[in-house]
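> mind looking at a prediction? Sequence and model below.
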Amino acid sequence: MKIAITSDHRGYTLKNKIKKYLNKKGYEVIDFGPEKKDTVDYPIMAFKMSQDIVKENYDFGIALCGTGIGISIACNKVKGVRCAKVNNVKETILTKKDNNANIIAISGEMPRYKALDIIDAFIKTSYVPNERFERRIKEISDYENGDLS
């Protein structure tokens, strides 16, 4: 499994802890930066990773900023991304199972144990296609492609 990860400066410390945890579990983790804790704009980091997620170079992505909100908004500006800002395991399971999210965004200030529980849940959960979920995902894709009918 290939996992992409990125953050801004406020998510930097937790990003590195997550990366170390995932590497120990045998996952291939590609870090889109930043490489140090200097101030960096989260939209740049989000766009860089999200573009590669859409090309299906990775199984999914993890994005971190101070709250997780800003970076999730930026990720979702990239056509084909379904990024969910999640706060707990229940939200994580539902966004993967129902929405087939390909990126999760979390707060860089979240406790490490909670972030790792969320990531484990995302990895273990599969998308469960059904007519209703497929229709909704298609509606989003159609809108992204300019088909407003």
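Here it is on my side, so go on. Numbering: from 1, shown residues only.
> and the lowest-mean-pLDDT helix or strand in the chain, what does it pack onto?
Ranking every helix and strand in the chain by mean pLDDT, DSSP states H and E puts helix 131-144 at the bottom, with a mean of 91. Using 3 or more C-beta pairs under 8 Å, 6 or more residues apart in numbering; DSSP states H and E, the elements in contact with helix 131-144 are helix 89-99. Yep, even glycine has a C-beta here, placed from its N, CA and C like the rest.
> name the residues that touch the least confident helix or strand of the chain?
Contact with helix 131-144 is made by 79-80, 82, 98-100, 127, 148-149, as judged by C-beta atoms under 8 Å, 6 or more residues apart in numbering.
> export those residues to TSV and append columns for neighbour count, pLDDT and distance to Tyr21.
Listed next are those as TSV, based on neighbours: other C-beta atoms under 10 Å; pLDDT from 0 to 100; distance: C-beta to C-beta, whole Å:
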residue	neighbour count	pLDDT	distance to Tyr21
Lys79	11	95	31
Gly80	15	95	27
Arg82	17	97	24
Asp98	16	95	26
Asn99	16	94	25
Asn100	16	96	24
Tyr127	16	93	23
Leu148	6	71	43
Ser149	3	63	45
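> how about the helices in this structure?
Remark: helices assigned in the chain by DSSP state H are 12-24, 42-54, 69-75, 89-99, 112-124, 131-144.
> reformat the ones you listed as a markdown table; add distance to Ile3.
Listed next are those as a markdown table, based on distance: least, C-beta to C-beta, whole Å:
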| stretch | distance to Ile3 |
| --- | --- |
| helix 12-24 | 6 |
| helix 42-54 | 10 |
| helix 69-75 | 15 |
| helix 89-99 | 14 |
| helix 112-124 | 8 |
| helix 131-144 | 21 |
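> Lys20 is in contact with Leu116, correct?
No. Judged on C-beta atoms under 8 Å, Leu116 makes no contact with Lys20 at a distance of 10.5 Å.
> what pLDDT is listed against Val128?
As predicted, Val128 sits at a pLDDT of 89.
> excluding chain neighbours, what is closest to it?
Lys97 (5.1 Å; C-beta to C-beta, 6 or more residues apart in numbering).
> test my guess that that neighbour contacts Thr125.
Yes. The pair Lys97 and Thr125 passes the contact test of C-beta under 8 Å, sitting 5.6 Å apart.
> before we move on, the earlier item: out of the helices of the chain, nearest to Glu35?
helix 12-24 (9.2 Å; C-beta to C-beta).
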